[in-house]
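Asks: got a predicted structure here, sequence first:
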Amino acid sequence: MENVILVIHLILAICLIGVVLLQRSEGGGLGMGGGGGAGGVMTGRQAATALGKLTWFFAIAFLVTSITLTIIAAQNSAGSSLLDDLGGLPATEGEAESELPPIDSMLPPVGTDGPALPPVSE
């Protein structure tokens, strides 16, 4: 179900991009765009074109699929935690201490060719 909604969501995104790119610029964006004449400037409402209505339809459908995918993802992850998914980690502190390697095994061996430390002067 989630995959079907995701595919629909992607198709809607592509359609929304295409419809927005097909529309004629009405100006207002940084003072650029097509003029449109004095009638468009003086009126308070613009004519609702077919592309405008289609843009609204795609935008609303895109938002609905976004919210649906969010709800599905929240339901799928409601009972799990990242730490539960890792597996192999000890559940209690007592087990954690017994499974850790000793600190001596993590230190480099003495007398290796490593960077020399300056002597400490007191």
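Replies: It's in. Numbers count the residues shown, from 1 in each chain.

Asks: for the rest of this, base every contact and every neighbour count on C-alpha atoms.
Replies: OK.

Asks: wait, is Arg24 part of a helix?
Replies: No. Applying DSSP: H, G, I helix; E, B strand; the rest coil, one finds Arg24 to be coil, outside a helix.

Asks: ok, how many other residues are close to it?
Replies: Neighbour count of Arg24, defined by other C-alpha atoms under 10 Å: 11.

Asks: mean confidence score for stretch 24-35?
Replies: Regarding stretch 24-35, the rounded mean pLDDT is 61.

Asks: please, which helix or strand holds Ile72?
Replies: Assigned by DSSP states H and E, Ile72 falls within helix 50-76.

Asks: so which elements touch that helix?
Replies: Under the contact criterion of 3 or more C-alpha pairs under 8 Å, 6 or more residues apart in numbering; DSSP states H and E, helix 50-76 touches helix 2-22.

Asks: what angle do the helix it packs on and helix 50-76 make?
Replies: Angle of helix 2-22 versus helix 50-76, following axes from the mean of the first three to the mean of the last three C-alpha atoms, to 10 degrees, is 150 degrees.

Asks: which residues touch helix 2-22?
Replies: Under the contact criterion C-alpha atoms under 8 Å, 6 or more residues apart in numbering, helix 2-22 has outside partners 51, 54-55, 58-59, 61-62, 65-66, 69, 72.
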